[in-house]
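Participant: Provided below for reference: sequence and predicted model.
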Amino acid sequence: MTTALPTGPSPVPAVGEIPFFSQARTFAEIWATVANHIEDVADRGKYSHGHKVAEFERALAEYTGARHVVAVNSGTDALVLLLRAAGLAPGQPVVVPAFSFVASASSVVLAGGSPVFADIEPDGYGIDPAEVARVAPEGAFVMPVHLFCQLADLDGVLDVARRKSLTVVEDSAEAIGMRWRGVHAGLAGVGGVLSFFPAKTLGALGDAGAVLTDDPDIAETVGALRHHGRFGRTLAHFPGIANPTALSGVNSKMDDIQAAVLLAKLARLEADIARRAELAVAYDERLRDVPGVLRLPVPVPREAPTRPVWYVYLIEVERRDELAAHLAACGVGTEIYYPTPLHLQPCFGYLRGVPGEFPVAEAVCRRTIALPLYPDLSEAEVDLVCDHLRDFYTGSGS
């Protein structure tokens, strides 16, 4: 049976608008491939945790070099399940950077652990290894988060982890394609995660995620936890629903429709990464001498070779909130990464964080703004974004 599918989404954004993110043109280009994958899903009749998910896991393992890939329904779930599978004990400390998306720390709470915050490096925005050494108790977990375009200082973090017997779990949700010493992000410690939120470098049509690990026991446990705690074969296997439930798991299976989209987009991932790099260079050239722009994103030189990937183009500016309002009035979408450091988020109030505790993270939260960056963006649109930004700081737009 072949199922008729609607035509692809319109490739043209609204006139006069430059959204923070769009993939309309991309889907117009790849829709035939997406449709073929979706028709395969429909023909097989299993729409979740099925053959297409298994196919995607194999393809992603080949791309990343991970021995095991476990597909789940979000990057956040991937973190929670990975922490549980890695043996996080109730109340066990997990050192997390104070500058990150809230899920980096809320996943620790959901997995039963206790977040311990640490300050970040001022240039690459990754967790500061010296801070990890200062705050981490012996035998704790540590979660380096790879943000925007580059990896955290893995050499520094791993050195501290060896000295203090720390378990390293990477929040590599943003880091597909990034590598350290030739090793893909997420594979330096016991495991890592990927998020396939639509705006990510490899994005789905909705939420999806994956755990990467070289540890077969961790992979097996995550595989069970995502399917209500059932061990044994469940992926693309209807009878697996009758397997005994050995753990209190969750329903975090990836939908096959998302796997279909991700397979189509994985085939062009390297081209998309290259296009993102070109656009980052275009921004660099146009913003280098703009007054009011305090810092452009520059990958930090590390002890070992690393491969940056431009997921977000993040700059630090004066009068950040006013600039965001000005760009919005001009039809340019932006995002603030991140407006509040984690130790001051209300959900972590019980940890009694106070202003001034992590000065680098707090200062960065007042200055950072992300500009549109995605393969569908044209250089003419980059010109327009930069013109509006320059106008704001030179007077004509303020």
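Facilitator: Everything's here; your move. Numbering: from 1, shown residues only.
Participant: So for the longest helix along the chain, what gets flagged as buried?
Facilitator: Using DSSP state H to define each element, the chain has its longest helix at helix 24-44. Buried residues in helix 24-44, counting neighbours by 16 or more other Cβ atoms under 10 Å, are found at 25-31, 33-35, 37-42. Where you see a C-beta, it was placed from the backbone N, CA and C, and this is true even at glycine.
Participant: What are the boundaries of the helices in the stretch 151-300 of the chain?
Facilitator: Secondary structure of the stretch 151-300 of the chain, counting by DSSP state H, counting those that start in this stretch: helices at 154-164, 216-225, 256-266, 269-287.
Participant: shouldn't Ala173 be in contact with Phe196?
Facilitator: No. Ala173 lies out of contact with Phe196 (Cβ atoms under 8 Å); the separation is 9.2 Å.
Participant: what sits up against stretch 276-289?
Facilitator: The contact list for stretch 276-289 (Cβ atoms under 8 Å, 6 or more residues apart in numbering) reads 149, 201, 293, 296-297, 309-311, 313, 315, 371, 373-375, 377, 379, 382-383, 385-386, 389.
Participant: ok, 6 Å please
Facilitator: 293, 296, 310, 313, 373, 377, 379, 382, 386 (Cβ atoms under 6 Å, 6 or more residues apart in numbering).
Participant: next one: stretch 163-178
Facilitator: 75, 82, 86, 104, 136, 138-146, 151, 161, 185-186, 189, 192-195, 201-202, 273, 307, 309, 311.
Participant: Which of the residues you listed fall within strands?
Facilitator: 141-142, 192-195, 307 (DSSP state E).
Participant: Lowest-confidence entry in these?
Facilitator: Among the ones in strands among the contacts of stretch 163-178, Arg307 has the lowest pLDDT, at 93.
Participant: Stretch 322-339 spans what distance, first to last residue?
Facilitator: 14 Å (Cα to Cα, to the nearest Å).
Participant: Quick check: PyMOL command selecting the buried ones in the contacts of stretch 163-178.
Facilitator: The following PyMOL line selects those of those that are buried, judged by 16+ other Cβ under 10 Å:
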select buried, resi 75+82+86+104+136+140+141+142+143+144+145+146+151+161+185+186+189+192+193+194+195+201+202+273+307+309+311
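Participant: Next one: Cys330 from Val80, what distance?
Facilitator: Distance, Cys330 to Val80, by Cβ to Cβ, to the nearest Å: 39 Å.
Participant: looking at it, Ala246 is touching Phe231, isn't it?
Facilitator: Yes. If you go by Cβ atoms under 6 Å, Ala246 and Phe231 touch, sitting 5.2 Å apart.
Participant: Settle it for me: which of those two has more neighbours?
Facilitator: Just comparing Ala246 and Phe231: by other Cβ atoms under 10 Å the higher neighbour count belongs to Phe231, 18 against 13.
Participant: Could you check how far the closest residue in space to that one that isn't next to it in sequence is from Ala28?
Facilitator: Among residues not flanking Phe231 along the chain, Ala224 sits closest, at 4.6 Å (Cβ to Cβ, 6 or more residues apart in numbering). Ala224 is 39 Å from Ala28, where distance means Cβ to Cβ.
Participant: same deal with Val193?
Facilitator: Relative to Ala28, and taking Cβ to Cβ, Val193 is found at 30 Å.
Participant: about what we covered before: between the longest helix of the chain and helix 269-287, how many degrees?
Facilitator: 160 degrees (axes from the mean of the first three to the mean of the last three Cα atoms, to 10 degrees).
Participant: I'd like to know which elements helix 24-44 is packed against.
Facilitator: On a contact count with 3 or more Cβ pairs under 6 Å, 6 or more residues apart in numbering; DSSP states H and E, helix 24-44 meets helix 256-266.
Participant: Just the mean pLDDT for the helix it packs on, thanks.
Facilitator: On average, helix 256-266 scores 96.
Participant: Model confidence score at the residue nearest to Phe231, please.
Facilitator: Note for Ala224: predicted pLDDT of 95.
Participant: same thing with the one 5 residues further on?
Facilitator: The confidence metric pLDDT takes the value 90 at Gly229.
Participant: Which residue, neighbours along the chain excluded, lies closest to Ile38?
Facilitator: Once flanking residues are discounted, Ile38 sits nearest to Ala260: 4.9 Å by Cβ to Cβ, 6+ apart.
Participant: Could you check how far that neighbour is from Met143?
Facilitator: For Ala260 relative to Met143 (Cβ to Cβ), the value is 31 Å.
Participant: likewise Ala236?
Facilitator: For Ala236, the distance to Met143 - Cβ to Cβ - is 31 Å.
Participant: just to revisit the earlier point, relative to the whole chain's centre, how far out is the longest helix of the chain?
Facilitator: Its chain's C-alpha centre and that of helix 24-44 lie 24 Å apart, by Cα atoms, centre = their mean, to the nearest Å.
Participant: Export that helix to CSV, keeping only CA atoms.
Facilitator: Only the C-alpha atoms of helix 24-44 are listed here, as CSV (Å, rounded to 0.1, in the frame of the first residue of the first chain):
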residue,chain,number,x,y,z
ALA,A,24,10.7,25.8,5.0
ARG,A,25,13.1,25.9,2.1
THR,A,26,14.9,22.8,3.4
PHE,A,27,11.7,20.8,3.6
ALA,A,28,10.7,21.9,0.1
GLU,A,29,14.0,20.5,-1.1
ILE,A,30,13.9,17.2,0.8
TRP,A,31,10.1,16.5,0.9
ALA,A,32,10.2,13.7,-1.7
THR,A,33,12.8,11.9,0.5
VAL,A,34,10.8,12.5,3.6
ALA,A,35,7.6,11.3,1.9
ASN,A,36,9.3,8.1,0.9
HIS,A,37,10.4,7.4,4.4
ILE,A,38,6.9,8.2,5.8
GLU,A,39,5.3,5.9,3.2
ASP,A,40,7.6,3.1,4.4
VAL,A,41,6.4,3.8,8.0
ALA,A,42,2.7,3.7,6.8
ASP,A,43,3.2,0.5,4.8
ARG,A,44,4.7,-1.2,7.9
